[in-house]
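# Below are the sequence and a predicted model for it; my questions follow.
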Amino acid sequence: MNKFLSSTCLILLATTAQVSAQSMIDAELSFAYINAPDDSFDYQLQGGGSAEFSAGPISFQTDVLFYKYEGVNDWARSYGLHAFYEVAPGLDVGLAYANDDYDYGIAYLEAKYVSGSNAFEGYYGVVVDNADDTYFGIEYTRSLGAIGSMTDVDVIVGYAVNYYEGSPSVTNPYVGTSIGLGSGFSVDARYASMDSGDYRYVTLGVTKTFGAGTTFGQRGFAGTFPGY
């Protein structure tokens, strides 16, 4: 399954650059630096992207994320696949599967609702080989529209948690913003206070959007808990 996910994600993302100009695909590419003042390392780097194909009300999205910690030479990888259906205008509901280098897969139910300037995204996941290991998350995004030379300003609030055998093992409340610079580029910032404030992470990144961008966020562990 890992080899299949790896090959599928890389092939689809490689196709993005060739077809995005014809608007045949919606996609995002991103790079981020994560500062970790309370952890045993000083920073984490992340780079990756997502590509989405639609056929009427049915859509498919694939994700890939590469990440490494300070002092580590090798990049770890995370892959994800989504299949979802537009139940009503602005409401998408579907399934997802993600796998990190931690060698376990997570199956998800997920949904996203967009109404005007407001967007809500939520998910619930279960580790395939351990039903007592679950993931839950919800995120709210408010678009403030264009401000001055900024093409769009979004404010983001979210919460993610990993329950292991019924108890929270990783908690992640966070706030962030995304500032559009034009030509599909945006600057992103995020502050997270994980595990009841024991670990703080500040993320600074840049994202390039092709077409309308993708619907759902990364579902791997590194995408759900960046920096941890």
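Structure's in. What do you need?
# quick check: longest strand of this structure.
Counting by DSSP state E, the longest strand found in the chain is strand 167-182.
# Flag the shaky bits of this protein, pLDDT-wise.
1-24, 102 (pLDDT under 70).
# what about the strands in it?
26-35, 43-55, 58-69, 76-88, 91-100, 105-115, 118-127, 130-143, 152-164, 167-182, 185-194, 199-210.
# export these to a markdown table and tack on distance to P226 and mean neighbour count?
In short, each C-beta sits where N, CA and C put it, glycine included. Output for the strands of the chain, formatted as a markdown table (distance: least, Cβ to Cβ, whole Å; neighbours: other Cβ atoms under 10 Å):
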| stretch | distance to P226 | mean neighbour count |
| --- | --- | --- |
| strand 26-35 | 5 | 20 |
| strand 43-55 | 6 | 20 |
| strand 58-69 | 8 | 20 |
| strand 76-88 | 11 | 19 |
| strand 91-100 | 12 | 20 |
| strand 105-115 | 16 | 17 |
| strand 118-127 | 16 | 17 |
| strand 130-143 | 12 | 16 |
| strand 152-164 | 10 | 17 |
| strand 167-182 | 9 | 16 |
| strand 185-194 | 7 | 18 |
| strand 199-210 | 6 | 18 |
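# Include distance to F225 when you put those into CSV, please.
What follows is the strands of the chain, written out as CSV (distance: least, Cβ to Cβ, whole Å):
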stretch, distance to F225
strand 26-35, 10
strand 43-55, 11
strand 58-69, 11
strand 76-88, 11
strand 91-100, 10
strand 105-115, 12
strand 118-127, 13
strand 130-143, 10
strand 152-164, 7
strand 167-182, 5
strand 185-194, 7
strand 199-210, 9
